[in-house]
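Colleague: below are the sequence and a predicted model for it; my questions follow.
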Amino acid sequence: MQALFHTPSQTLSSVLWAEKSNQWLRFLTFAIAGSIALTVSAKISIPAIPVPFTLQTLVVLLLGFAYGPAMAGATVGLYLLQGAFGLPVFQGTPEKGLGLAYMMGPTGGYLAGFFVAAVVCGKLAQKGWDKRFSTMALGMILGNAIIYAFGLAWLGSLIGWDQPVLQYGMIPFLVGDLIKIAIAVALVPMIWKRVNRK
């Protein structure tokens, strides 16, 4: 239980680049790098059953755990701002539209969920949840649940709750999400073990 409430001073980003060193340059560099990672992850489609999936939710949640709440929120905010201004940073753009028109479509709730989930995962990282396999798994599940909560709420209001909202917006993606959770749980605590050895 101690790992749930202990607040360490570092996130992975602060190990990589000390927080007191060139703060604005550090913040800007990580935010831009993170927004690029989000864009790339949205564009890569991985074949899977029952539907292909991207790595975007994995990157969103990993940014939260690696960056902490403030920087993760700013990074996802920058990414959403780029999309709002019409840059083709989202999945299916420009084919499915651009800018605010795209963001008000069926995936708009998930995009809002990205921001909240990244901030929440950043808070959990400050409490050390990313250092143990069990709490990392719980944090990833919570982050995904937040994204789904926002996404399904918006999708249901858009298409009507008489439609099979869960079938459209969640159930086909659960297998891919389990794979991404497994990747994060295997990767992040292992990185911390290596960092702590050094």
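Modeller: Cool, got the structure.

Colleague: going by C-alpha atoms from here, please, whenever you check contacts or count neighbours.
Modeller: Will do.

Colleague: in stretch 148-162, what's buried?
Modeller: For stretch 148-162, a neighbour-count test (16 or more other CA atoms under 10 Å) marks 148-152, 154-156 as buried.

Colleague: secondary structure element for Tyr138?
Modeller: Small correction: residue 138 is Leu, not Tyr. helix 133-159 (DSSP states H and E).

Colleague: ok, then the element right after the lowest-mean-pLDDT helix or strand in the chain?
Modeller: Here the helix or strand of the chain ranked lowest by mean pLDDT, DSSP states H and E is helix 2-5, holding a mean of 42. Using DSSP H and E, the helix or strand that follows helix 2-5 towards the C-terminus is helix 12-16.

Colleague: I'd like the average pLDDT over the helix holding Leu138.
Modeller: Helix 133-159 carries an average pLDDT of 97.

Colleague: neighbours around Leu124, how many?
Modeller: Other residues lying near Leu124 total 22 when counted by other CA atoms under 10 Å.

Colleague: measure the residue of the chain positioned farthest from its centre to Leu155 for me?
Modeller: Taking CA atoms, centre = their mean, the residue of the chain most remote from its mean C-alpha position is Asp162, at 29.3 Å. Asp162 sits 12 Å away from Leu155, going by CA to CA, to the nearest Å.

Colleague: same question, Tyr79
Modeller: From Tyr79 to Leu155 the distance is 21 Å (CA to CA).

Colleague: can you tell me the SS state at Leu87?
Modeller: coil (DSSP: H, G, I helix; E, B strand; the rest coil).

Colleague: next one: phi and psi at it?
Modeller: The phi/psi pair for Leu87 (degrees, to the nearest 10) reads phi -70, psi 140.

Colleague: surely it touches Tyr102?
Modeller: No. At 11.0 Å, Leu87 and Tyr102 do not qualify as touching, with contact defined as CA atoms under 8 Å.

Colleague: so what's in contact with those two at the same time?
Modeller: Residues within reach of Leu87 and of Tyr102 at once, by CA atoms under 8 Å, 6 or more residues apart in numbering: there are none.

Colleague: higher neighbour count, these two?
Modeller: Between Leu87 and Tyr102, Tyr102 has the larger neighbour count (other CA under 10 Å), namely 19 against 15.

Colleague: in a helix, that one, correct?
Modeller: Yes. The assignment for Tyr102 by three-state DSSP puts it in a helix.
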